[in-house]
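Student: Here is the input, now give the coordinates:
(one chain, ligands or ions: 1)
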Amino acid sequence: MSTADENDRLLLNFENIQQYKNSLPSQSNISSNVILNSVWNENKNILNEKVDEIFKSAKSLLQNSDSESHIRTWKSSLRTLDPESIFHRSVPKCNTCSATTHKRFEQFLKKTCNCDIVKISNENLTASDESSQESREEPIIKPRFGRNRHFKNTSQNSLVGKKFTIEEPVQDLDFTKEELENKAHKSNVAKITFKTAKEQLLASNPAARRTLGTSKKAQAKFVSPMIGAVTLEKQDSQETEIADERLKHIDPKMIELIESEIIDKGTPVSWEDIAGLQFAKSVIQEAVVWPLLRPDIFTGLRRPPTGILLFGPPGTGKTLIGKCVAAQCKATFFSISASSLTSKWIGDGEKMVRALFAVARCHQPAVIFIDEIDSLLTQRSDSEHEATRRIKTEFLVQFDGAATSEEDRLLIVGATNRPHELDEAARRRLVKRLYIPLPETDARKQIIMNLLRNENNELTPDQISEIADLTEGYSGADMKSLCCEAAMGPVRAVPLSQILNVDRDKVRPVCLKDFTSALQRVKPSVSQDDLGQYIKWNKTYGQGF
Ligand SMILES: Nc1ncnc2c1ncn2[C@@H]1O[C@H](COP(=O)(O)OP(=O)(O)OP(=O)(O)O)[C@@H](O)[C@H]1O
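Tutor: Predicted coordinates for the structure are as follows:
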């Protein structure tokens, strides 16, 4: 073997690895991983091919020792070498990585490590001498790949121009120990994964990765969801461990429940789906949506509120607005009714609140929509149940945490039909208080048109206007009920004897007559008295419009 060959032997295909590393800033996760895969396969072959050469150098290294058993041990060690573990050791330590090789390899795979790949040379081969081997209970002599910082140069043993002392490998070079540590580490990781349920969460909803937000580290920078996919992927991979931390003390069952029941995965709502409410829409757009999309601009005094309150009669689109905000901000939408916290989760409501915020933090940016927030943040009374009081306290603690954290991108949207029952603490926190009134004539017209869009109907624009005029005082939900009722008209017109066999195309279109008879059955659900209360409260505490 030539000196050059021995001094600078690359067991890893450096060029190939470099190609992978170069690809990281410019390519997607998938393409980078494809390259990494090919890197791995290629290196695996190279490593396997080199076993004989390594053996020769080992023999040369041990030339002063004529122990055949030594050489045999070397050979068998080399043959059983796991190329992957060599690859692990080839990933050098970087400033951001922890000390363990396993972790460093993980970091490398996650593309967060920018270290150079170490050249593996014959200098790094090591072996134990006979005496040291004898002193072990189970003699194991294994080659060491990596930096030769653990060797002392002496003139005792010479290997092709390089001088080494063949000495007992220092403890951290012991492959067996290191492998055991790696195994223990892996099993710990497995345990953590099981306990935290973060993995379960991501496995059942891969789309959730998308919504993972900022790092919890003190120096972490806020990353806008508008930034490209590569950045998000990097951020996402960094986030996995942190998210585990956040969910560490949360009951996995609760996490699962939140994931399956509270995260809303319905069709995204757009502004056009919400009829009327121009004022509320523009305030929300300015105060919440833009800041969530451009956090770099909305800082300091422009910092968005953490909580907004939507109040008004039932069925006027408060939930629709909450869903729309989430869709517009590309945020995860958590929807929970406060009354379910105090009734359904009785005894566990407090934990549920904590779990909800913890999961939401893992899905940032997130919108937490709390319907009937009045039942949670109601004015204190002597009859207040202890459990309810605890839930409320926990909610306020979590709320304040989200409000003061620079990194949390959580928006709490409270909705209520009874704003006057909210206490001062709630009013103070829900800084934007928007009145969501009954739809006006034009909005009712739009609701009718939206709902009839996919129905066979023969209504003219004038007739739609006529229906809109006749429905003064109807809420959006009332309008929906009216349209559903009217849509039944053509079906009711089919003789009972034919209903099971009638051709779908033979059912007549919905007409004005159906609406006039539906108007007899569907009445507005909101009373004038109630409206008066909302208007009064809006004047005192509302944002105005
Ligand atoms: N402004 C609106 N534009 C379009 N549809 C509306 C509007 N308001 C209400 N609707 C219709 O009424 C239904 C109920 O609306 P939503 O659940 O958003 O009301 P809400 O104000 O949250 O009611 P509640 O106070 O009872 O929870 C919606 O699914 C939608 O079909």
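Student: What residue in this protein comes nearest to the ligand?
Tutor: Here the chain gets closest to the ligand at one residue, residue 476, 2.1 Å apart by Cβ to the nearest ligand atom. For every residue, glycine as well, the C-beta is placed using N, CA and C.
Student: Need the pLDDT of that residue.
Tutor: pLDDT recorded at residue 476 is 93.
Student: phi, psi of the residue lying closest to it once chain neighbours are set aside?
Tutor: Among residues not flanking residue 476 along the chain, residue 317 sits closest, at 5.1 Å (Cβ to Cβ, 6 or more residues apart in numbering). Backbone torsions of residue 317, given as degrees, to the nearest 10, read phi 110, psi 20.
Student: does residue 317 really touch residue 273, like I thought?
Tutor: No. Residue 317 lies out of contact with residue 273 (Cβ atoms under 8 Å); the separation is 9.1 Å.
Student: And these two? Which one has more around it.
Tutor: A direct count of neighbours by other Cβ atoms under 10 Å for residue 317 and residue 273 places residue 317 higher, at 29 against 16.
Student: Would you state the predicted confidence (pLDDT) at the more buried one?
Tutor: pLDDT, residue 317: 91.
Student: dump the residue contacts of it.
Tutor: Residue 317 is in contact with 274, 275, 277, 436, 439, 476, counting by Cβ atoms under 8 Å, 6 or more residues apart in numbering.
Student: Identify the farthest-apart pair in the residues you listed.
Tutor: The distance between the two most remote of those (Cβ to Cβ) is 11.8 Å, for 275 and 436.
Student: Got the domain ranges for the chain?
Tutor: Residue ranges for the domains of the chain, per automatic domain parsing: 3-183, 260-435, 441-525.
Student: Return the member of those having the minimum mean pLDDT.
Tutor: Comparing mean pLDDT across the domains of the chain, the weakest is domain 3-183, with a mean of 44.
Student: in stretch 303-311, what's buried?
Tutor: Neighbour-count burial for stretch 303-311 flags 304, 305, 306, 307, 308, 309, 310, 311 (criterion: 16 or more other Cβ atoms under 10 Å).
Student: Span of that stretch from start to end?
Tutor: This stretch, stretch 303-311, spans 23 Å end to end (Cα to Cα, to the nearest Å).
Student: that older thread, now, which of the buried residues of stretch 303-311 lie within strands?
Tutor: Using DSSP state E, the members of the buried residues of stretch 303-311 that fall in strands are 307, 308, 309, 310, 311.
Student: For the stretch 151-300 of the chain, what lies in contact range of the ligand?
Tutor: 274, 275, 276, 277 (Cβ under 6 Å from any ligand atom).
Student: Take those and keep only those in helices.
Tutor: Using DSSP state H, no member of these falls in helices.
Student: Highest neighbour count among those residues?
Tutor: Using other Cβ under 10 Å as the neighbour test, these are led by residue 277, with 27 neighbours.
Student: contacting residues for it?
Tutor: Each residue near residue 277 by Cβ under 8 Å, 6+ apart is listed here: 316, 317, 321, 436, 437, 439, 443.
Student: Kindly indicate which of these lies nearest residue 368.
Tutor: The closest of those, once distances to residue 368 are taken by Cβ to Cβ, is residue 321, at 13.9 Å.
Student: For the stretch 251-400 of the chain, which segments count as helices?
Tutor: Using DSSP state H, counting those that start in this stretch, the helices of the stretch 251-400 of the chain run over 252-257, 278-284, 290-293, 318-328, 338-342, 349-362, 386-404.
Student: closest to residue 448 out of these?
Tutor: Proximity to residue 448 (Cβ to Cβ) singles out helix 318-328 among those, at 16.1 Å.
Student: now check that closest one, is it near the ligand?
Tutor: Yes. Shown here: helix 318-328 in contact with the ligand (Cβ under 6 Å from any ligand atom) through 318, 319, 320.
Student: give me the number of residues near the first one?
Tutor: Yep, that's residue 318 we're talking about. For residue 318, using other Cβ under 10 Å, the count is 26.
Student: quick one: contacts for it?
Tutor: With Cβ under 8 Å, 6+ apart, residue 318 has these contacts: 310, 311, 312, 371, 415, 436.
Student: ok, now with 6 Å
Tutor: By Cβ atoms under 6 Å, 6 or more residues apart in numbering, the contact list for residue 318 reads 310, 415, 436.
Student: again, but for residue 410
Tutor: Contact analysis of residue 410 by Cβ under 6 Å, 6+ apart lists 360, 366, 402.
Student: Any idea how many residues pack against the second one?
Tutor: Residues lying near residue 366 (other Cβ under 10 Å) number 27.
Student: Please report how far the closest residue in space to it that isn't next to it in sequence lies from residue 306.
Tutor: Counting by Cβ to Cβ, 6+ apart, residue 366 lies nearest to residue 360, which is 4.1 Å off, once chain neighbours are set aside. For residue 360, the distance to residue 306 equals 12 Å [Cβ to Cβ, to the nearest Å].
Student: could you list every residue that touches the closest residue to residue 421 other than its chain neighbours?
Tutor: Spatially, and ignoring its direct neighbours in sequence, residue 421 is nearest to residue 374 (4.5 Å; Cβ to Cβ, 6+ apart). Residue 374 makes contact with 416, 418, 421, 422 under the criterion Cβ under 6 Å, 6+ apart.
Student: now those residues in a markdown table, with neighbour count, secondary structure and distance to the ligand?
Tutor: Shown next, in a markdown table, are the contacts of residue 374 (neighbours: other Cβ atoms under 10 Å; DSSP: H, G, I helix; E, B strand; the rest coil; distance: Cβ to the nearest ligand atom, whole Å):
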| residue | neighbour count | secondary structure | distance to the ligand |
| --- | --- | --- | --- |
| 416 | 27 | strand | 8 |
| 418 | 16 | coil | 10 |
| 421 | 14 | helix | 14 |
| 422 | 24 | strand | 14 |
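Student: Tell me which residues of stretch 440-452 come out buried.
Tutor: Applying 16+ other Cβ under 10 Å to stretch 440-452 flags 443, 444, 445, 446, 447, 448, 450, 451, 452 as buried.
Student: Kindly list the main-chain dihedrals of the second one?
Tutor: If I follow you right, that is residue 444. phi -70, psi -40.
Student: Surely it touches residue 470?
Tutor: No. Checked against Cβ atoms under 6 Å, the pair residue 444 and residue 470 is beyond contact range at 9.3 Å.
Student: any chance of the buried residues of stretch 303-311 in JSON lines, plus distance to the ligand?
Tutor: Listed next are the buried residues of stretch 303-311 as JSON lines, based on distance: Cβ to the nearest ligand atom, whole Å:
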{"residue": "304", "distance to the ligand": "22"}
{"residue": "305", "distance to the ligand": "20"}
{"residue": "306", "distance to the ligand": "20"}
{"residue": "307", "distance to the ligand": "17"}
{"residue": "308", "distance to the ligand": "14"}
{"residue": "309", "distance to the ligand": "12"}
{"residue": "310", "distance to the ligand": "7"}
{"residue": "311", "distance to the ligand": "9"}
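Student: ok, of those residues, which one's closest to residue 347?
Tutor: Once Cβ to Cβ is applied, the member of the buried residues of stretch 303-311 that ends up nearest residue 347 is residue 307, at 26.1 Å.
Student: any idea how far the closest one lies from residue 396?
Tutor: Distance from residue 307 to residue 396, counting by Cβ to Cβ: 11 Å.
Student: Who are the packing partners of the host helix or strand of residue 478?
Tutor: Following DSSP states H and E, one finds residue 478 within helix 476-492. Packing contacts for helix 476-492, counted by 3 or more Cβ pairs under 6 Å, 6 or more residues apart in numbering; DSSP states H and E, involve helix 441-452, helix 512-521.
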